[in-house]
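# Provided below are the primary sequence and the corresponding predicted coordinates.
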Amino acid sequence: MPRISRNVAAARATRLSRRACLAGALGAAASLGLGTKAWSAASAFARWVEAFRPRALKRGISAATYDRVMGSVTPDTSVFAQFRAQPEFTEQMWQYINRRCSDWRVITGKERAKEYAGLLSRLEKDYGVDRYTLLGLWGMESSFGDVIVNPKYMRPIIPALAALASGEPRRRSYWESELLNALTIIDRGWANPSEMIGSWAGAMGHTQWMPEVWLHMGVDFDHDGRVTPFGNPDDSLAGTARYLVERGGYRRGEAWGCEVIAPSGVRADNRTMRAYEKWQALGVRRADGGAFARPADMVTLWRPVDGGPSFLIRQNFRAVYSYNPSSSYTLALLHLGDLIRGDPPFHQQFPGGERRPTLDEVKEIQRRLNERGFKTDGVDGRTGSDTVKAILAFQKKVGMEPADGYAGLKVLARLRQGS
């Protein structure tokens with residue numbers, strides 16, 4: 001009983017001290033000229049931190065952890081712009097797929113397939129998830145681990161989640177839950193706040209785990225006594241494979257689907273389930289001219305864009321969709337895996353689309369942009385944010401429409417025209 005009393009008193013003292021320090025800091029900031037608006041926002045966030053505290057303690061997070069982490073956090077308000085401009089909703093599908101299935105990713109994916117062949121074999125044996133699906137997901141989520149701590153793309157997730165939980169009315173309960181999950185990870189000693197670097201939405205590591213996935217789907221696959229989405233890719237890929245199986249319903253030995261040629265009279269609604277052989281009886285054929293490997297399996301016919309390629313898709317497409325519920329994301333990821341496997345590009349182009357540029361063509365775009373004063377931060381064949389910004393600036397300067405920042409063949413042709 002005396003120990004409880006001392007702990008309660010200490011906790012109260014900590015809160016009072018924290019309030020006093022926060023009030024002093026806010027007062028000093030205001031006196032330095034931050035202005036009424038900044039003062040109001042900071043005060044509102046401080047009140048939210050205090051009001052959210054009982055939720056964390058009820059979840060089982062210690063008062064010491066909450067006060068240490070949340071008492072010093074400054075919300076990362078830049079996440080709101082990211083939240084409202086997610087690329088799945090602003091790019092044409094053919095651009096989205098070409099960007100994410102870039103020549104650099106395909107080449108690098110083939111290298112990773114050889115480098116991690118042993119790991120991928122063990123994952124296939126233990127979980128049944130096709131190695132090329134995992135490679136596609138790894139490439140999509142972090143460029144095979146290349147950007148997991150790159151400050152251009154990643155940031156500390158606690159300030160990001162705190163901003164979203166306190167200030168984003170859409171899906172607020174989701175952001176609050178993920179902040180609590182992140183605090184639980186810290187409270188358990190699995191990571192320090194400074195180690196938790198991720199996307200604006202809080203996704204971390206090789207395969208961009210949200211905190212909830214880290215907590216509940218993580219696997220210590222390299223047997224080092226620690227589950228982490230960082231470092232070696234073993235834990236990340238294993239936890240992701242587990243996720244696809246347990247939450248997505250991934251089926252061992254089944255393909256995700258395939259591109260097909262469908263007669264104009266056959267309706268593609270992504271809902272009508274028929275066996276491959278039934279679709280074949282209606283005139284649907286594989287685009288590559290091959291036979292359906294498992295003709296009795298049930299699939300649906302899907303045409304993402306009118307006039308574009310059609311696909312027969314099945315459960316493993318939906319399993320990947322469960323990882324990030326975006327059809328363009330899922331198709332790009334699975335196509336990237338197929339390209340790494342050695343399969344050809346889609347046979348049917350998307351309307352208005354163009355083939356994806358080669359690695360050398362992207363490098364030429366970057367070189368010519370730099371020669372004209374549009375800086376791409378290197379000539380590496382990768383279309384990162386600096387290259388996109390440089391292309392956008394070039395397009396606007398020369399009057400190209402649409403000005404979309406896409407590193408495509410039309411931009412290359414215009415650059416080759418000279419001044």
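Perfect, I can see it now.
# which parts of the chain belong to which domain?
257-341, 359-416 (automatic domain parsing).
# would JSON lines of those domains with distance to residue 352 and mean neighbour count be doable?
Glycine gets a C-beta too; all of them are placed from N, C-alpha and C. As requested, the domains of the chain are arranged in JSON lines below (distance: least, C-beta to C-beta, whole Å; neighbours: other C-beta atoms under 10 Å):
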{"stretch": "domain 257-341", "distance to residue 352": "9", "mean neighbour count": "17"}
{"stretch": "domain 359-416", "distance to residue 352": "10", "mean neighbour count": "17"}
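# who's in contact with residue 361?
409, 412 (C-beta atoms under 8 Å, 6 or more residues apart in numbering).
# at 7 Å what do you get?
In this structure, residue 361 makes contact with residue 412, judged by C-beta atoms under 7 Å, 6 or more residues apart in numbering.
# kindly report the same for residue 395.
With C-beta under 7 Å, 6+ apart, residue 395 has these contacts: residue 403.
# okay, and it sits in which element?
helix 385-398 (DSSP states H and E).
# my read: residue 250 touches residue 317, true?
No. With contact defined as C-beta atoms under 7 Å, residue 250 does not reach residue 317; the gap is 10.1 Å.
# if we can go back for a sec, take the domains of the chain and lay them out in TSV including mean pLDDT and distance to residue 128.
Shown next, in TSV, are the domains of the chain (pLDDT from 0 to 100; distance: least, C-beta to C-beta, whole Å):
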stretch	mean pLDDT	distance to residue 128
domain 257-341	95	10
domain 359-416	95	32
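# tell me where the stretch 101-250 of the chain has helices.
103-115, 117-127, 131-142, 157-167, 172-187, 211-217, 234-246 (DSSP state H, counting those that start in this stretch).
# tell me the most buried of those helices?
Neighbour counts (mean count of other C-beta atoms under 10 Å) averaged over each of those peak at helix 131-142, with a mean of 26.
# how far out from the middle of the chain is that helix?
11 Å (C-alpha atoms, centre = their mean, to the nearest Å).
# helices or strands next to it in the packing?
helix 103-115, helix 117-127, helix 234-246, helix 327-341 (3 or more C-beta pairs under 7 Å, 6 or more residues apart in numbering; DSSP states H and E).
# make JSON lines out of the ones you listed and add distance to residue 171.
Shown next, in JSON lines, are the helices and strands packed on helix 131-142 (distance: least, C-beta to C-beta, whole Å):
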{"stretch": "helix 103-115", "distance to residue 171": "30"}
{"stretch": "helix 117-127", "distance to residue 171": "30"}
{"stretch": "helix 234-246", "distance to residue 171": "20"}
{"stretch": "helix 327-341", "distance to residue 171": "18"}
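# for those, which one sits closest to residue 357?
helix 103-115 (7.1 Å; C-beta to C-beta).
# I'd like the average pLDDT over the closest one.
The pLDDT scores in helix 103-115 average 98.
# what angle do that helix and helix 117-127 make?
80 degrees (axes from the mean of the first three to the mean of the last three C-alpha atoms, to 10 degrees).
# which strands and helices lie in contact with helix 103-115?
Helix 103-115 packs on helix 131-142, helix 327-341, helix 359-371, going by 3+ C-beta pairs under 7 Å, 6+ apart.
# of all the helices and strands packed on helix 131-142, which one is nearest residue 386?
The nearest among the helices and strands packed on helix 131-142, by C-beta to C-beta, is helix 103-115 at 14.7 Å.
# please put the alpha-carbon coordinates of that closest one into CSV.
Taking Å, rounded to 0.1, in the frame of the first residue of the first chain, the C-alpha atoms of helix 103-115 are listed here in CSV:
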residue,chain,number,x,y,z
ASP,A,103,13.2,-1.2,-64.9
TRP,A,104,15.3,-0.4,-61.7
ARG,A,105,12.9,-2.4,-59.5
VAL,A,106,12.7,-5.3,-61.9
ILE,A,107,16.6,-5.5,-62.2
THR,A,108,17.0,-5.1,-58.4
GLY,A,109,14.3,-7.6,-57.7
LYS,A,110,16.1,-10.2,-59.8
GLU,A,111,19.3,-9.5,-57.8
ARG,A,112,17.4,-9.9,-54.5
ALA,A,113,15.8,-13.1,-55.7
LYS,A,114,19.3,-14.6,-56.1
GLU,A,115,20.8,-13.0,-53.0
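# any idea how far stretch 399-414 is from the chain center?
For stretch 399-414, the distance to the chain centre is 26 Å (C-alpha atoms, centre = their mean).
# neighbouring contacts of it?
Contacts for stretch 399-414 (C-beta under 7 Å, 6+ apart): 95, 354, 357, 361-362, 364-365, 383, 387-389, 391-392, 395-396, 398.
# and with 8 Å instead?
Contacts of stretch 399-414 (C-beta under 8 Å, 6+ apart): 91, 95, 98-99, 354-355, 357, 361-362, 364-365, 368, 383, 387-389, 391-392, 394-396, 398.
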